[in-house]
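Asks: any chance you could fold what I've pasted below:
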Amino acid sequence: MNTVRRAAAAALAAAAVLGTGAAGQASAAPSPTPTTGKLPAGLYGTKDPTYDGVWRQSLAFLAQRATGYQPSDQAVEWLLGQQCDDGSFPSYRADATKPCDAKTMRDTNATAVAVQALGAVRRQSATPEKADQAVKEGTAWLKTVQNKDGGWGYSTGGASDANSTSVVVGALAATGTRPTTFTSAEGRTPYDALLAFALPCTDKEGPGAFAYQPDKAGKLFANADATAAATLAGLGKSVVATKASPDQAPACADLSKPTPERAALNGASYLAKALAKTHHLVQPPMPGAADTAEQPDFGNTADAVVALSAAGAAKEAMPALEWLEKNSAAWAKENGPAAYAQLVLAARATETDPRKFGSVDLVEQLNAAGPAPKSPDTSASSTTSDDEDSGFDLWWIIGIGTVVGVGIGFLLSGRKK
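Replies: Next up is the predicted model:
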């Protein structure tokens, strides 16, 4: 997902400069403008944060809490300082002392992931009330920019896409807001938008997959990145989802009126097939690139592992996890905190020790990418999944309490049956 975020942000920036409309799915991304001077204290990573400062900081927080660490107060304060007065977050603000204005490019993805990250760390932060208020204001801002179809685009006013909508759904569920009650003025929920991106099981190219967005003619094309994100969202989960039980082989099944969960399981079926041969997803070459060979997509492979595990297909996810253990070290080192966080979350979702991830201690590498975190703890907020912390399962069960056959085993497993 981080790859798509960077491309979309870069295209959006280019569109703003050229005076064109908001970007949809970007096909090519110009190089980011290097930041001048020293990076701010508290920020994770050493590379240009123009397009992913808030994103990588937030992912780092989520992965640290998932492994029992609490980010330093300095790191939390940096993220809090990135928020605009209206509750939104841009991708990055170099000078947080200046208020956001009309030229500040608000980012729905950055806002959603920051809301989730601050929700995860607020209880152990030095200013829990401040963090709690940031979560409330960020959530309220997302409501104000929700599209008529119930979804979100990367930028305010942009057409809804599966990735952005899924990131928001995950943040809502993780911070205690039931996504089905988060409706647009027209009464549409995020799931209404998400289901519009789902391909049927009869689609020859991508049975059960999700598209990022329809093309200009309205046709949907399978997108593995969007499918991994939407699979989690359809299950009411986010990137910190854990392994679901019991295990079941994912299968695609069309319904006359598909539910978010059914569409999510169809998405898991597509991901399992996409990973079956090489155990990793591929990143198609950028248009105009000299090298036309497909390259392994490490980040989206990690996201697919989380999605499959959350859908009860951990068995199908393990070969990809093992591939990542053998091959991702150089990629993670090059890409920094967001990459280490994605691998930590993939390991956690499959109940694999992130400290013994091939030849790498992912936790150590992530912690070294920013200010030293506080010591590990065993509090509930450091060990539970997003669903357990938010109570989302309880809402789901109440909503379908009359359905025959919901057993106590599914209650305990956290599956959305």
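
Asks: where along the protein do the strands fall?
Replies: Per DSSP state E, the chain carries strands over the ranges 281-283, 295-297.

Asks: comparing those strands, which comes out most buried?
Replies: strand 281-283 (a mean of 18; mean count of other Cβ atoms under 10 Å). Quick note: C-beta positions are derived from backbone N, CA and C, even for glycine.

Asks: packing partners of it?
Replies: strand 295-297, helix 298-310 (3 or more Cβ pairs under 8 Å, 6 or more residues apart in numbering; DSSP states H and E).

Asks: next one: the last one to chain centre, how far?
Replies: Spelled out, it's helix 298-310. 10 Å (Cα atoms, centre = their mean, to the nearest Å).

Asks: okay, buried residues for that helix please.
Replies: By neighbour count with 16 or more other Cβ atoms under 10 Å, helix 298-310 contains the buried residues 298-310.

Asks: circling back: okay, the strands of the chain in CSV with distance to Ala224 next?
Replies: Below are the strands of the chain laid out as CSV (distance: least, Cβ to Cβ, whole Å):
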stretch, distance to Ala224
strand 281-283, 5
strand 295-297, 8
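
Asks: quick one: which of these is nearest Tyr191?
Replies: Each of the strands of the chain has some distance to Tyr191 by Cβ to Cβ; the shortest is strand 281-283, at 24.8 Å.

Asks: who does that closest one pair up with?
Replies: strand 295-297 (antiparallel) (DSSP bridges).

Asks: picking that back up, any chance of the strands of the chain in TSV, with mean pLDDT too?
Replies: Converted to TSV, the strands of the chain look like this (pLDDT from 0 to 100):
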stretch	mean pLDDT
strand 281-283	93
strand 295-297	95
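
Asks: between these, which gets nearest to Val363?
Replies: That would be strand 295-297 among those, by Cβ to Cβ, at 23.3 Å.

Asks: just give me the neighbour total for Gly218.
Replies: 6 (other Cβ atoms under 10 Å).

Asks: can you check the pLDDT for it?
Replies: On pLDDT, Gly218 comes in at 95.

Asks: list the residues that contact it.
Replies: By Cβ atoms under 8 Å, 6 or more residues apart in numbering, no residues touch Gly218.

Asks: ok so, going back, just the closest of the buried residues of helix 298-310 to Asp215, please.
Replies: Nearest to Asp215 among these, with distances taken as Cβ to Cβ, is Asn300, at 20.3 Å.

Asks: and the gap between the closest one and Tyr154?
Replies: 17 Å (Cβ to Cβ, to the nearest Å).

Asks: about what we covered before: Thr227: which of the helices and strands packed on strand 281-283 is closest?
Replies: helix 298-310 (7.6 Å).

Asks: hmm, Val167 is touching Thr108, no?
Replies: Yes - counting by Cβ atoms under 8 Å, Val167 touches Thr108, with 7.5 Å between them.

Asks: tally of neighbours for the nearest residue to Thr352 once chain neighbours are set aside?
Replies: Distance criterion Cβ to Cβ, 6 or more residues apart in numbering; nearest residue to Thr352, sequence neighbours excluded, is Leu321 at 6.2 Å. Close neighbours of Leu321, defined as other Cβ under 10 Å, add up to 24.

Asks: could you report the separation of Leu321 from Arg122?
Replies: Leu321 is 30 Å from Arg122, by Cβ to Cβ.

Asks: could you do Ser245 as well?
Replies: 29 Å.

Asks: which one's more surrounded, the two?
Replies: Neighbours per residue, other Cβ under 10 Å: of Ser245 and Arg122, the larger number sits with Arg122, 21 against 14.

Asks: residue contacts, the closest residue to that one other than its chain neighbours?
Replies: Closest residue to Arg122 apart from its sequence neighbours, by Cβ to Cβ, 6+ apart: Ala131 at 3.5 Å. Going by Cβ under 8 Å, 6+ apart, Ala131 touches Val76, Leu80, Leu118, Gly119, Val121, Arg122, Ser125.

Asks: which ones among the residues you listed lie within helices?
Replies: Among the contacts of Ala131, the ones falling in helices (DSSP state H) are Val76, Leu80, Leu118, Gly119, Val121.

Asks: tell me the one of those residues nearest Gly68?
Replies: Val121 (12.3 Å).

Asks: mind listing what Ala302 touches?
Replies: Leu324, Ser328, Gln342, Leu343, Leu345, Ala346.

Asks: for PyMOL, write the selection for the buried entries among these.
Replies: Of the contacts of Ala302, the buried ones go into a single PyMOL selection, burial set by 16+ other Cβ under 10 Å:
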select buried, resi 324+328+342+343+345+346
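
Asks: hmm, which two among the contacts of Ala302 are most spread apart?
Replies: So, those by Cβ to Cβ: farthest apart are Ser328 and Leu345, at 12.9 Å.
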